[in-house]
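*Asks:* Got a sequence here, can you model it:
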Amino acid sequence: MTPRSEASARWRGRRRDRLIAFGWLVLVWSLFWGDFSWGNLAGGMLVAGAVLLFFPLPPVNFGGRLRAGPLLAFAVRFVGELVSASVHVARVAVRFGYRPRGAIIAVRLRVRTDLNLALTAEAISLVPGTLIIEVDRDAGVLYVHVFDTHGPQDLTGSRRRILAVERRIVRAVGSGAEVRQVSTDPVEREPDP
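*Replies:* Next up is the predicted model:
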């Protein structure tokens, strides 16, 4: 591929991404109003255009590929963790006189791409009992608040669960090199930042 054709392909890809973002923003605008009318469609188009013009997002480089099997495994495991964590938080909430202790842990991710940081942080935050406090993009570290900890073993277990979520995400959407990186780097040897 010549440099000119590569630049042209990048421009077409960036344009496609902006059109997709534009469509999603218009749809979200219409959903917020709860009515699909011509006025809401026009208003959504104006707002979406303004958002994309005044707040442009940096391009997200996606060097991986979507793998159906690992994606399904991630989804099934994610739903299981949602149910399990919801039951745990509900049990703690109705336990009379019990005061749960929380902690903030730092977890250094093995794949430090923006996409991996965002997907892992989002998946962790959606599970009840865990919340992303801060992301150190340069170091690839997530600072996570974990709920109901009793000792160091709970902190180690939480760190392992977060790294396991990262591994499942990378296996589902990562590049071959990223999959090898999370597969050969055991969770047990992950150093604390």
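
*Asks:* Please name the nearest non-neighbouring residue to the residue sitting nearest the centre point of the chain.
*Replies:* Centrality entry for the chain: nearest residue to the mean C-alpha point is residue 119, 1.9 Å, by CA atoms, centre = their mean. What sits nearest to residue 119 in space, not counting adjacent residues and going by CB to CB, 6 or more residues apart in numbering, is residue 169, at 5.0 Å. Bear in mind the C-beta positions are built from the backbone N, C-alpha and C, glycine included.

*Asks:* ok, residues contacting the helix or strand hosting that neighbour?
*Replies:* Secondary structure assignment for residue 169, by DSSP states H and E: helix 152-173. By CB atoms under 8 Å, 6 or more residues apart in numbering, the residues outside helix 152-173 that reach it are 62, 64-67, 70-71, 73-74, 77, 81, 103, 105, 107, 109-111, 115-116, 119-120, 123-124, 130, 142, 144, 146, 148-149, 178-179, 181-183, 187-188, 190, 192.

*Asks:* any idea how far residue 153 lies from residue 144?
*Replies:* According to CB to CB, to the nearest Å, residue 153 and residue 144 sit 16 Å apart.

*Asks:* Compare these two (neighbour count), which wins?
*Replies:* Counted by other CB atoms under 10 Å, residue 153 and residue 144 do not tie: residue 144 has more neighbours, with 23 against 9.
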